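Undergrad: mind looking at a prediction? Sequence and model below.
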Amino acid sequence: MLEISRFVFMRFIMAIITLLMVSFIVFSLMELVPANCAVRYLAFKNTQGEQITIADIKAEEVRMGLDKPYVVRWAKWVTDVFVRGDFGISCILRVRVNDLLGTKFWISLGICLTSLLLAYAIAIPVGIYSATTNKPTLNNFLRFFSYLGLAMPNFLLALMIMLISTVLFGDSLTGLFSKEYRDAAWSLARFGDFLAHAWLPVFILGWSATAFALQTVRALISDEYGKLYVTAARARGLFGRQLLWRYPARHALPPIINSLGFDLNRVFNELPIVAVILTLTEAGSLLLESLARSNDQQLAGAIIFMLTASIVGLNFFTDVMLALVDPRIRRGVMGKG
Amino acid sequence: MSRPLVSVSDLTIHFRTDEGLVTAVDGASFDLRDGEILGLVGESGSGKSVTAKSLMLLNAGNTVYDPKSRITLRDDHNGGDIDVLSLTRERDMKVIRGGAISMIFQEPMASFAPAITIGDQMVEQLLLHTSMSKREASVFSIEMLQRVGISDAPQRFAQYAFELSGGMRQRAMIAMALTTRPKLLIADEPTTALDVTIQAQVLDLMRDLVAEFGMAILFITHDLGVIAQTADRVAVMYLGEIVETGTVRQVIRSPAHPYTKGLLNALPRLDDLTSTLTPVAGDIPSPLERPSGCVFHTRCPEIIRGRCDVEVPPLTSLGKGHDVSCFAVSASKKDSRSETPGEVIS
Amino acid sequence: MAETAKTANGGAAVAESTEIGGKSKEAYFTAGQYALIWARFKMNRAAVTAGIILIGLIMMGLTAPFLSPYDPNIAGRDAEYQNGAPQIPKFWDENGFSFRPFLYTLERKRSAATNFRWITDVNKDKRRYVEFFVKGWRFFIVNIDLDLPGEDFDFRLRALPIDYHLFGMDKGRIHLFGTEAAGKDIFSRTMFAIWTSLAVGTIGVFISFVLALIIGGISGYAGGWLDSILQMITDAVRTVPAIPLFMALAAMVPDEWSAETRFFFISIILGLIGWPTLARRIRTHLLTERSQEYVLAARLCGATPGHIIRRHLLPSFSSYIIVDLVISFPYMVLSETALSFIGLGLKDPVNSLGVLLQNVTKVDVLLNYQWYFIPAGFFMALVLAFVFVGDGLRDAADPYSGH
């Protein structure tokens, strides 16, 4: 018990350190961007017709605390984020970033996680099955599907679907909400409407995730299947599903679970493009619209940090899960001969 | 008791590969009797593992068994014989896998599943082959662990393979193989990965168990020394063919086949530390290029040109169960028996 | 007598065994590493086919100026044929057979019959023939246009013109893949787009390779605490999702930057984002190899670290590195295409496959101008070709796979 607690604690510390480093990177990038928050805000005011002078900019900087040294500002940002979950005020709109993001982040995260879970739910059984049977037609089909999933990026798939649905059905499957629910408060009906629309991005995102996961599962299971302990188990009379699940599958799965964090990273990379094609952003319902169009580094920094934090969080979660299942850690033999 | 436990006749095994059909074993025949330790000796690539695995149908999916091959297992439960090669469904193979025949492997660490306890794996096997309850199986397994000389057996029962030392793992593997009281234990290079002291312990253990259980052992190895200590009979394999069989005494004291002679000559001699080593000349040919006639003729110092490279020598008996397939031996036998000098068959 | 026969035969037996297939065996055992990899690669039909396609596409990109009948930018647009469908030359119609491929002439007519509205009519009697090695628009290989602050420092250099192109028409124009909304020839744009995507990908791969080599190399060779720190940094960078990060950065880029500057900026950013994966691989290779016994043996023989690295370590995983490079290429192309597609990467007039696909989401395009999708096919072929070749190389280079 003690060993596990120690392990979890260590992993937690590592996660925090990683987040700190990420926050450093993100914050530095926010700083490196030409035109700091004060300048942007006043430039924005300028376009609205107000006259701005250099003195105004300087005054604004002082007011926003931008004249303090880098480290001080970083420390403040980090403490605000970590302790209070507060990402500060957006540069241009002067609204709290948390309010701007609202539920948008959670919707995006929900879509991504769902597509990942779906991908694994399909890939694991199919991958195990295909790695153990020798039917060449199934193997070739699956190989073709994997390559297709790899080469046809999600946005192309989305385009194809849009093309087909527009040409054939004259209807475009766009948006995350129907008109009635777009700005309504959350309710069961709104959630149902959301689900009815969300299946398409989940499907598209899951497409390449499934292809990847399938390939990985097949390779891992094939590897395990050739190992001596499986032959030894067969030599003891085990066969069929019992053999499969207790031996190669059980031992091949940990690396697959391990890769969940990395997969989330990939899905986060694919989400913006798919969102653009399916115009999931038209109602501002996804945060990436804010990311690309707003030109606001406070907002952008917050979004990037949250995305990365989700990945780090997922990694931490999978690490702990795997540790609980791995007997080597349970016995606390880490470091013992 | 007079019928052999396992009878292998004309076993011929091919593998389907990208380069075509490769012959791994050609016309191997031998018998195994109860309580007998038969050593199967040969260098790597000789087909000894493939032969042994075919007794349990453990070879890979691209294996093709030639129709003239026959492997027969005596069925003591129902009387009669089991035709091993005719079993196609895995559920029917229980008797040859873990039932009447068990196998232990060269690498004990690799033969235990890493993330399942030793005890779980042993109990699983018992539940599959016997009608014991889980509790009975656990008790029995712990007893078995004690029998093979593992101290603290109840503790070890609940441990994982990586928590045991090398020698203990080997013993545990033997214990697991014996829980179902098999009639035949196939040992595939069980001592090759062990250091000498543990090797001796394991060999002693195996001999004791044979005496106690009355089971036979098919001992596969390339180490003639181990065979000399442990086995009753030995069969020498080269490139998929059995070239010589006999009792250990016969084959090691008076080897008949040039290959056996070469193997024995290649052993370093402790009493003469300055003499040079004399390996068997040449290299083992690739299985894709099996030599015509006698498979050994390409490296044979006693080759009879025109005969050995053309015809396959039949198995001839040298008396008292000592068989060899070699023209040179038969020739010199005839030669020594014939009265007329110069009548050499060449 | 039997004894002398034995030794004579013994000698003969030994000689014979080395004679059998002597030459080819020797060739196999002494072949260099790359020769072996090439031989195994050749056996993989899918990979070889992909390789041929890949080389074809690369050649298309490299000779884009020669292949394109018209300037892909605004200067070369065909104002009379906007959003025009692809024109495939024919060899034969009702009027007879012709060795030279031809097209019909489109004429704008109006008459009482059409209510005095301009309509475009196809005149099947007036043929226009395709010509080869046509003198057409002028393309400069060296085309530098530096727009520095202040008028005095502007620098323009144009050299090495190409005037001749593979094909063109004797009268009018030919648009093999059709035209887009402004009348720009999609075929020419596709050719140049292949070139741009390849160029961006190459620069990106190069930059990430150099970075990965340095960081991964130090990490793997030094080991210990330096390795741990570098690894933590690498992991932190790797965790940040690239496209959202890039979106944020690209949105901040001022619009005044020229197309060329954007081009380099995009490539550099892609390289900076791509190095962690490659660095990790290099580090893993180095860590495993440096504790191998042959390295220890070399050190005990007195070899210097430089010698060890050059002659022992590098060749042992240079094939893996090459494979890694080939495999990371399509990701670069994919990333750039994705970014350009949403308008944050390259912009007009620089052509890339992503830019070409920018207008594809509009509904009227989807309904009416499906030929806009043709570049997508090229793009998929490029990525697939890279993937197959990379996989084939990886299987061929790994001595433990398959055979």
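TA: Sure thing, it's come through.
Undergrad: in the lengthiest strand in chain C, what counts as buried?
TA: Criterion DSSP state E: the longest strand present in chain C is strand C:119-146. With burial defined by 16 or more other CB atoms under 10 Å in any protein chain shown, the residues of strand C:119-146 counted as buried are C:127-128, C:130-131, C:134, C:136-137, C:139. No exception for glycine: its C-beta is placed from N, CA and C like everyone else's.
Undergrad: what's the farthest-apart pair in these?
TA: The most widely separated members of the buried residues of strand C:119-146 are C:Arg127 and C:Phe139, with 28.4 Å between them, by CB to CB.
Undergrad: could you point out which element follows the helix or strand hosting C:Thr337?
TA: Taking DSSP states H and E as the definition, C:Thr337 sits inside helix C:314-341. Proceeding N to C from helix C:314-341, the next assigned helix or strand is helix C:353-356, under DSSP H and E.
Undergrad: who does that following helix touch, helix- and strand-wise?
TA: The contact analysis (3 or more CB pairs under 8 Å, 6 or more residues apart in numbering or on different chains; DSSP states H and E) places helix C:353-356 against helix C:186-222, helix C:314-341, helix C:374-397.
Undergrad: contacts only, for C:Met65.
TA: One thing to correct before we go on: residue C:65 is Pro, not Met. For C:Pro65, the contact set (CB atoms under 8 Å, 6 or more residues apart in numbering or on different chains) comprises C:139, C:141, C:162, C:165, C:192.
Undergrad: now the first one: closest residue in space, sequence neighbours ignored.
TA: Right, the one you point to is C:Phe139. Spatial nearest neighbour of C:Phe139, chain neighbours left out: C:Pro65 (4.0 Å); criterion: CB to CB, 6 or more residues apart in numbering or on different chains.
Undergrad: with the second one instead?
TA: Leaving out its chain neighbours, the residue that sits closest to C:Ile141 by CB to CB, 6+ apart is C:Leu160, at 4.0 Å.
Undergrad: now do the same for that neighbour: its pLDDT.
TA: For C:Leu160, the pLDDT comes out at 72.
Undergrad: mind checking the SS state of it?
TA: strand (DSSP: H, G, I helix; E, B strand; the rest coil).
Undergrad: so how far is chain B from it?
TA: Relative to chain B, C:Leu160 is positioned 50 Å away (CB to the nearest CB, to the nearest Å).
Undergrad: show me what counts as buried in the host helix or strand of B:Ile174.
TA: Using DSSP H and E, B:Ile174 falls within helix B:166-178. By 16+ other CB under 10 Å, the buried positions in helix B:166-178 come out as B:167-178.
Undergrad: could you do stretch B:311-330 as well?
TA: B:313, B:318, B:322-330.
Undergrad: please apply the same query to stretch C:277-288.
TA: Per 16+ other CB under 10 Å, stretch C:277-288 contains these buried residues: C:277-283, C:285-286.
Undergrad: does any bit of that stretch sit next to chain A?
TA: No. Stretch C:277-288 stays clear of chain A (CB under 8 Å from any CB of the partner chain), getting no nearer than 9.7 Å.
Undergrad: that stretch - what's its average pLDDT?
TA: 80.
Undergrad: buried set for stretch B:261-281?
TA: B:261-263, B:280.
Undergrad: ok so, going back, list the helices and strands the helix holding B:Ile174 packs on?
TA: Other elements packing on helix B:166-178 under the criterion 3+ CB pairs under 8 Å, 6+ apart are strand B:101-104, helix B:108-111, helix B:118-129, helix B:134-147, helix B:196-213.
Undergrad: between the ones you listed, which one is nearest to A:Leu188?
TA: Comparing these by CB to CB, helix B:118-129 comes nearest, at 46.8 Å.
Undergrad: quick check: residues of the stretch 301-403 of chain C near chain A?
TA: C:330, C:334-335, C:337-338, C:341-342, C:344, C:357, C:360-361, C:363, C:366-367, C:370, C:373, C:376, C:379-380, C:383-384, C:387-388.
Undergrad: B:Val280 contacts B:Tyr259, correct?
TA: Yes. Between B:Val280 and B:Tyr259 there is a contact at 6.9 Å, judged by CB atoms under 8 Å.
Undergrad: mutual contacts of the two, please.
TA: Common contacts of B:Val280 and B:Tyr259, defined by CB under 8 Å, 6+ apart, comprise B:Arg299.
Undergrad: distance of A:Gly261 relative to A:Asp319?
TA: 9 Å (CB to CB, to the nearest Å).
Undergrad: and the residue of the stretch 151-300 of chain B closest to chain C?
TA: Using CB to the nearest CB, the closest approach of the stretch 151-300 of chain B to chain C is made by B:Gly282 at 4.2 Å.
Undergrad: so how far is chain B from the nearest residue to C:Phe102 once chain neighbours are set aside?
TA: In space, C:Phe102 comes closest to C:Arg127 once its chain neighbours are excluded; the distance is 4.3 Å by CB to CB, 6+ apart. Using CB to the nearest CB, C:Arg127 is found at 55 Å from chain B.
Undergrad: one more: C:Val130?
TA: Taking CB to the nearest CB, one finds C:Val130 at 47 Å from chain B.
Undergrad: the residue lying closest to that residue once chain neighbours are set aside: which element?
TA: The shortest distance from C:Val130 to any non-neighbouring residue, by CB to CB, 6+ apart, is to C:Pro101 (4.5 Å). Following DSSP H and E, one finds C:Pro101 within strand C:96-109.
Undergrad: and what about B:Gly98, helix, strand or coil?
TA: coil.
Undergrad: same question, B:Ile186
TA: Applying three-state DSSP: B:Ile186 is strand.
Undergrad: which strand residues bridge it?
TA: Under DSSP bridges, the beta-bridge partners of B:Ile186 are B:Met103, B:Leu218.
Undergrad: count the neighbours of it for me.
TA: 28 (other CB atoms under 10 Å in any protein chain shown).
Undergrad: B:Asn265 and chain A: what is the separation?
TA: B:Asn265 is 34 Å from chain A, by CB to the nearest CB.
Undergrad: pop out the phi and psi values for B:Ala235.
TA: The phi and psi values for B:Ala235, taken as degrees, to the nearest 10, are phi -120, psi 130.
Undergrad: quick check, it in contact with B:Glu36.
TA: No. The criterion here is CB under 8 Å, and B:Ala235 misses it with B:Glu36 at 11.8 Å.
Undergrad: what's the average pLDDT for stretch B:203-218?
TA: Mean pLDDT, computed over stretch B:203-218, is 86.
Undergrad: for it, list the C-alpha coordinates in PDB.
TA: In PDB, the C-alpha atoms belonging to stretch B:203-218 read as follows (Å, rounded to 0.1, in the frame of the first residue of the first chain):
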ATOM      1  CA  LEU B 203      19.200 -33.300 -13.300                       C
ATOM      2  CA  ASP B 204      19.100 -35.100 -10.000                       C
ATOM      3  CA  LEU B 205      15.600 -33.900  -9.400                       C
ATOM      4  CA  MET B 206      14.500 -35.200 -12.800                       C
ATOM      5  CA  ARG B 207      16.000 -38.600 -12.200                       C
ATOM      6  CA  ASP B 208      14.200 -38.800  -8.800                       C
ATOM      7  CA  LEU B 209      10.900 -37.900 -10.300                       C
ATOM      8  CA  VAL B 210      11.200 -40.400 -13.000                       C
ATOM      9  CA  ALA B 211      11.800 -43.100 -10.400                       C
ATOM     10  CA  GLU B 212       8.900 -41.800  -8.300                       C
ATOM     11  CA  PHE B 213       6.300 -41.200 -11.000                       C
ATOM     12  CA  GLY B 214       7.400 -43.800 -13.400                       C
ATOM     13  CA  MET B 215       7.200 -41.300 -16.300                       C
ATOM     14  CA  ALA B 216       9.300 -41.200 -19.400                       C
ATOM     15  CA  ILE B 217      11.400 -38.200 -20.400                       C
ATOM     16  CA  LEU B 218      12.300 -37.000 -23.900                       C
END
